[in-house]
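Enquirer: The sequence and its predicted three-dimensional model are supplied below.
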Amino acid sequence: MIEPVLKELDETIDHRQRFENEKQESITRLKRDLLEARDAHKRTEIYCSLFDEYKNYQYDSAFVYAKLIEKSALQEGGKVEYRAKAQVALLHCFKSVGFFNEAVDVIRAFDPKDVPAPICAEFYFLGAATWQNLSSFVSGTEALACKYDEEKLACYDKVLEYAAPDSYLYGYANLDKMLIENYSDSLAISARDAFIVTNDWDDHQKAVQYSILSEAYNKVQKYDEAVYYRALSAILDIRSCTHETTSAKVLAGHMYAKGDIDRAYKYIQQAQYDAEFYNSRLRNAEINTILPVIENGRYNWLNNQRLLLFVILFVIAGLLALTVVLLLVLRSRNKVLAQTHANLAEKTNLLELSNLSLTEAIAKLREANEIKDQYIIQSLYGNTVFVNEVNDAVNEAVRDITLKRPDEARSTLYHIGCT
């Protein structure tokens, strides 16, 4: 629920210049129209439009145009409508930057007679906001707070008298008055939520209501809902180029409490940018109460991150050194293995040569054996013939001896001896 809206806020902050450019284009068009205006009434109307553009955008310029509206009212013979618009503009300026004495002087000097009802409603609404700021400023001093709360209720009664029943100011005043008179936490949430969806309010109006709704959730310790609606308020503030705001500052506090120091710092920087751009002494004073805490927390967080980074780098360096050692060991062993492999290859070659020589020797031995066998066979064959011849000769000699033919027997034996 929270993370998507926080991511959207982060992206909105990163692209805030686009909204600023659109705002500047709108202001530039009005200033161009002002240069071309020849009619005093037309110029005054443009002063009012430029004030509306600047009133939540930049105090100094808003105050300039508020004074120009006042000057125009005097030049036109104190025209009631322009005089009232000037008072509305000045009250808005004084209330926004914390010039409460000046703001109260304007409230006391306002006369609603003959002033158009919508202007009266807006004036008294700003008066109620002024008394609310004063009540918050003296929080803890019950007597003063009660006095300012009574003044605020009186202003709300005037808003309800002059505002149209279907208007934003009427609904806002009616709801706040009801909550002051019959407050409950559940009503503060349900009634505010119902009011937000009753009409298609503009971005600034929604931002204000989301901010108040967030505070109601925070009061009942529903911090996730408080962060969610505060983030929505901050997003709409940036989109509407509202620099007179508190949402980013309060959200920074929530993020710091949640331990999200990076976002807390980012949001307090956005709040400081808004306060400095608007030139609001009141908002700067509020921011200065929390900014040192967040900056100190971020400083400690960055130191912890640096320490963690140092540890990680030390571990990586150790692993790298170990890797180098292992590579050197492996390289040495690879050299040994390579040498062993070379020796084995050489011995294998020698063995192959020996096997080849042995094969050749075996072939020659086999050939010699075959020759020998042939020789033996031939020898045996020759001896067999000789033996047979001798045997025949002996038999013949024996026969000659038996027959008493000694000369033939002697001749036969002699022949055997000569053979």
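Expert: Thanks, I have it.

Enquirer: Do a quick rundown of the helices in the stretch 301-419 of the chain.
Expert: With helices called from DSSP state H, counting those that start in this stretch, the stretch 301-419 of the chain shows them at 406-418.

Enquirer: For it, give me the ranges with low pLDDT.
Expert: 301, 379-387, 390, 404, 409, 412-419 (pLDDT under 70).

Enquirer: Likewise for the chain?
Expert: For the chain (pLDDT under 70), the answer is 76-78, 301, 379-387, 390, 404, 409, 412-419.

Enquirer: how far away is residue 360 from residue 401?
Expert: 60 Å (C-beta to C-beta, to the nearest Å). Where you see a C-beta, it was placed from the backbone N, CA and C, and this is true even at glycine.

Enquirer: Same check on residue 45?
Expert: Using C-beta to C-beta, we find residue 45 at a distance of 178 Å from residue 401.

Enquirer: So for those two, which sits in the more crowded spot?
Expert: residue 45 (18 against 15; other C-beta atoms under 10 Å).

Enquirer: The more buried one: which element?
Expert: Using DSSP states H and E, residue 45 falls within helix 40-54.

Enquirer: Show residues contacting that helix.
Expert: If you take C-beta atoms under 8 Å, 6 or more residues apart in numbering as the criterion, helix 40-54 is touched by 23, 26-27, 30-31, 33-34, 37, 61-62, 65-66, 68-69, 72-73, 75-76, 82, 85, 89.

Enquirer: Now, these that are in helices?
Expert: Judged by DSSP state H, the contacts of helix 40-54 include 23, 26-27, 30-31, 33-34, 61-62, 65-66, 68-69, 72-73, 75, 82, 85, 89 as members of helices.

Enquirer: Quick one: buried ones out of these?
Expert: 23, 27, 30, 34, 61-62, 65-66, 68-69, 72-73, 82, 85, 89 (16 or more other C-beta atoms under 10 Å).

Enquirer: Pull the most distant pair out of these.
Expert: The most widely separated members of these are 23 and 73, with 26.6 Å between them, by C-beta to C-beta.

Enquirer: list the contacts for residue 227?
Expert: Applying C-beta under 8 Å, 6+ apart, we find residue 227 in contact with 2, 6, 214, 251, 254-255, 258.

Enquirer: Just the buried residues of these.
Expert: Among these, the ones that count as buried (16+ other C-beta under 10 Å) are 6, 214, 251, 254-255.

Enquirer: Which single one of these is nearest to residue 184?
Expert: Closest to residue 184, out of all of these and judged by C-beta to C-beta, is residue 214, at 17.6 Å.

Enquirer: name the element that closest one belongs to?
Expert: Assigned by DSSP H and E, residue 214 falls in helix 203-219.

Enquirer: And for residue 262?
Expert: helix 261-278.

Enquirer: Any buried residues in that helix, and which?
Expert: Quick answer for helix 261-278 (16+ other C-beta under 10 Å): 261, 263-272, 274-275, 278.

Enquirer: what's the most distant pair in those residues?
Expert: 261 and 278 (25.8 Å).

Enquirer: The nearest residue to residue 219 once chain neighbours are set aside: how many residues sit nearby?
Expert: Nearest in space to residue 219, with sequence neighbours left out and distances taken as C-beta to C-beta, 6 or more residues apart in numbering, is residue 185 at 6.3 Å. Residues near residue 185, counting by other C-beta under 10 Å, number 13.

Enquirer: Look up how far residue 68 lies from residue 185.
Expert: 45 Å.

Enquirer: before we move on, what about residue 264?
Expert: 40 Å.

Enquirer: if you skip the residues just before and after it, what's nearest to residue 201?
Expert: Nearest one to residue 201, counting by C-beta to C-beta, 6+ apart, is residue 168 at 5.8 Å.

Enquirer: what sits against that neighbour?
Expert: Contacts of residue 168 by C-beta under 8 Å, 6+ apart are 199, 201, 205.

Enquirer: show me the contacts for the last one.
Expert: Contact partners of residue 205, counting by C-beta under 8 Å, 6+ apart, are residue 168.

Enquirer: does residue 180 really touch residue 149, like I thought?
Expert: Yes. Residue 180 lies in contact with residue 149 (C-beta atoms under 8 Å); the separation is 7.0 Å.

Enquirer: So for these two, which sits in the more crowded spot?
Expert: Neighbour totals were compared for residue 180 and residue 149, and residue 149 leads with 15 against 12 (other C-beta under 10 Å).

Enquirer: Phi, psi for that one please.
Expert: Dihedral pair for residue 149: phi -70, psi -40, per degrees, to the nearest 10.

Enquirer: now the nearest residue to it once chain neighbours are set aside: how far from residue 143?
Expert: Spatially, and ignoring its direct neighbours in sequence, residue 149 is nearest to residue 135 (5.5 Å; C-beta to C-beta, 6+ apart). As for residue 135, its distance to residue 143 is 11 Å (criterion: C-beta to C-beta).
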